[in-house]
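> Attaching a predicted model along with its sequence, questions to come.
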Amino acid sequence: MAPIDQQPAGRPDSGLSYIPVAWLIIVMGLSAYSLFSNWRLIGDFSLPDNVFFIIYSGLTGGIITILWGLYLLGLAFNRSVRFPRHYTIWQIAIILWLLLRQAYVLLTPGFRFSAEALGFTVAEIAIGVLCIYLLRQGAGADAAYSSPETERPPLLVSILAGLLGVILGGAIGAFGGFFAGSLIADATQMSCFEGACGFFAAFVGLAGLAVGAIAGGIFAIWRVNRRKPARTA
């Protein structure tokens, strides 16, 4: 008989092993919001070269972050043994990107120093380091993510499902957000002077698009990678 204080096999020492998954979803949400907020700047060649570079590199980084994140979510929802290692690689890449972006902003003439932006970057890096620490070997993550993936769907299936979920979820979220924003503007008798009520509805629609896209991608990947009950003879 096992000792009383021994935890059952297959269970992590604590729920801290799932914090990196939550942080992954938050980072993907922030990346999606940045993409949707800056899309109107695509093709605006009147911007200074340094601003043009930081915007386009941010858009490229956001797309890579979301696509890579969808793959990691597939591993996490399937509790794959590969998740801790692949997440650590992703998190290190994110930290390096944050450091390079901050160094570029601080060293390039034309950008104004912002203590708030610097503090936000430091907080992101600190949380990322904490997540890497929580998934270190021997911290219990090996028990939380222990599936050998014998029945895991192909990677391409997870990515395509995630992209489809992002598109459909974003469309539904944008429509629902814009409709809700219009109702709120009418209910509060918001002034439409210079299009204020329209801008408010568009802002709520943009927020709904970001939330819907992330939620749709997460749901699609969960649906594809969910475990099926074992068949009985």
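Nice, thanks for sending it over.

> which residue is nearest the middle of the protein?
For the chain, Met28 is the residue whose C-alpha lies nearest the centre (C-alpha atoms, centre = their mean; 1.4 Å).

> got the contact list for it?
Listed by C-beta atoms under 8 Å, 6 or more residues apart in numbering, the contact partners of Met28 are 65-66, 69-70, 214, 217. C-beta here means a position set from N, CA and C on the backbone, and glycine is covered the same way.

> Check which helices and strands the least confident helix or strand in the chain by mean pLDDT sits against.
Within the chain, confidence by mean pLDDT, DSSP states H and E is lowest for helix 141-144 among all helices and strands, at a mean of 73. Counting contacts by 3 or more C-beta pairs under 8 Å, 6 or more residues apart in numbering; DSSP states H and E, there are no secondary-structure elements packed against helix 141-144.

> For the helix or strand following that helix, which residues meet the burial criterion?
Toward the C-terminal end, the helix or strand that comes next after helix 141-144 (DSSP states H and E) is helix 155-187. Using 16 or more other C-beta atoms under 10 Å as the test for burial, helix 155-187 gives 158-159, 161-163, 165-166, 168-170, 172-174, 176-178, 181-182, 185.

> which helices and strands does helix 155-187 pack with?
Checking 3+ C-beta pairs under 8 Å, 6+ apart, helix 155-187 ends up next to helix 49-77, helix 196-225.

> Go through those and pick out the most buried.
Compared across these, helix 196-225 shows the largest average neighbour count, a mean of 20 (mean count of other C-beta atoms under 10 Å).

> re the thing from before, tabulate the contacts of Met28 in JSON lines, adding columns for pLDDT and distance to Glu116.
JSON lines is the format used below for those (pLDDT from 0 to 100; distance: C-beta to C-beta, whole Å):
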{"residue": "Thr65", "pLDDT": "87", "distance to Glu116": "22"}
{"residue": "Ile66", "pLDDT": "81", "distance to Glu116": "25"}
{"residue": "Gly69", "pLDDT": "84", "distance to Glu116": "25"}
{"residue": "Leu70", "pLDDT": "80", "distance to Glu116": "30"}
{"residue": "Ile214", "pLDDT": "76", "distance to Glu116": "24"}
{"residue": "Gly217", "pLDDT": "76", "distance to Glu116": "29"}
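
> who does Ser80 bridge with?
In this structure, Ser80 has the following beta-bridge partners (DSSP bridges): Ser147.

> quick one: it from Gly177, how far?
Counting by C-beta to C-beta, to the nearest Å, the gap from Ser80 to Gly177 is 33 Å.

> for the helices and strands packed on helix 155-187, which one sits closest to Ile95?
Of all the helices and strands packed on helix 155-187, helix 49-77 sits nearest to Ile95, with 12.3 Å by C-beta to C-beta.

> The closest one: how far from the chain's middle?
When distances are taken as C-alpha atoms, centre = their mean, to the nearest Å, helix 49-77 is centred 9 Å away from the chain's centroid.

> check contacts around the closest residue to Gly58 other than its chain neighbours.
When the adjacent residues along the chain are set aside, Gly58 lies closest to Ser34, with 6.3 Å between them (C-beta to C-beta, 6 or more residues apart in numbering). Taking C-beta under 8 Å, 6+ apart, we find Ser34 in contact with 58-59, 62.

> tally of neighbours for Gln91?
Counted with other C-beta atoms under 10 Å, the neighbours of Gln91 add up to 23.

> circling back to that earlier point, with pLDDT as new columns, can the contacts of Ser34 be given to me in TSV?
Shown next, in TSV, are those (pLDDT from 0 to 100):
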residue	pLDDT
Gly58	82
Leu59	81
Gly62	83
